[in-house]
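Participant: quick one, fold the following:
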Amino acid sequence: MIEQVIPLMGLLVGIVSLVKLNPLSVDSFLRKEAKRGLEDNFKTDDNWHSEGRVYTEGLTLIEKDDGKLFFIKQAKLADTGILH
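Facilitator: Down below sits the predicted model:
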């Protein structure tokens, strides 16, 4: 009997760990933040909302392909792990 329970428990642990480590189950908020960072350089506009997260805000100087420079407002997700 115990010989059948141990492999079953191992199988259950494996299935649970696969579900927990599935990259498709990443928080949709973090996906949206990554997209905002890669495509828009963390740009914020008037309708942007932090959704209760801690952010650092600032300005950055961007150079376009034609050589013109301009400033944009940025907000980047802060690491709150160092606060705990």
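Participant: need the next SSE after the top helix by length along the chain, C-terminal direction.
Facilitator: Assignment by DSSP state H gives helix 2-20 as the longest helix of the chain. Downstream of helix 2-20, the next assigned helix or strand under DSSP states H and E is helix 28-40.
Participant: give me the mean pLDDT for the following helix or strand past that following helix.
Facilitator: Using DSSP H and E, the helix or strand that follows helix 28-40 in sequence is strand 55-63. Mean pLDDT, computed over strand 55-63, is 89.
Participant: any low-confidence regions in this protein?
Facilitator: 1, 22-26, 82-84 (pLDDT under 70).
Participant: quick check, L77 in contact with A34.
Facilitator: No: using CB atoms under 8 Å, L77 is not in contact with A34; the gap is 9.8 Å. Every C-beta, even on glycine, is put in place using the N, C-alpha and C of the backbone.
Participant: measure the residue nearest the centre of the chain to R53 for me?
Facilitator: Closest residue to the average C-alpha location of the chain: L30 at 2.7 Å, with CA atoms, centre = their mean. Distance, L30 to R53, by CB to CB, to the nearest Å: 10 Å.
Participant: how far is the longest helix of the chain from where the chain is centred?
Facilitator: Remark: helix 2-20 is offset 30 Å from the chain centroid, using CA atoms, centre = their mean, to the nearest Å.
Participant: pull the CA atoms of it into PDB?
Facilitator: Output in PDB follows, covering the C-alpha atoms of helix 2-20 (Å, rounded to 0.1, in the frame of the first residue of the first chain):
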ATOM      1  CA  ILE A   2       2.700   2.500   1.000                       C
ATOM      2  CA  GLU A   3       4.600   1.600  -2.300                       C
ATOM      3  CA  GLN A   4       1.600   3.000  -4.200                       C
ATOM      4  CA  VAL A   5       1.100   6.200  -2.100                       C
ATOM      5  CA  ILE A   6       4.700   7.500  -2.400                       C
ATOM      6  CA  PRO A   7       4.700   7.700  -6.200                       C
ATOM      7  CA  LEU A   8       1.200   9.200  -6.100                       C
ATOM      8  CA  MET A   9       2.400  11.900  -3.700                       C
ATOM      9  CA  GLY A  10       5.400  12.500  -5.900                       C
ATOM     10  CA  LEU A  11       3.200  12.900  -9.000                       C
ATOM     11  CA  LEU A  12       0.900  15.400  -7.100                       C
ATOM     12  CA  VAL A  13       3.900  17.500  -6.000                       C
ATOM     13  CA  GLY A  14       5.200  17.500  -9.600                       C
ATOM     14  CA  ILE A  15       1.800  18.600 -11.000                       C
ATOM     15  CA  VAL A  16       1.400  21.300  -8.400                       C
ATOM     16  CA  SER A  17       4.900  22.700  -9.000                       C
ATOM     17  CA  LEU A  18       4.300  22.700 -12.800                       C
ATOM     18  CA  VAL A  19       1.100  24.800 -12.300                       C
ATOM     19  CA  LYS A  20       2.900  27.200  -9.900                       C
END
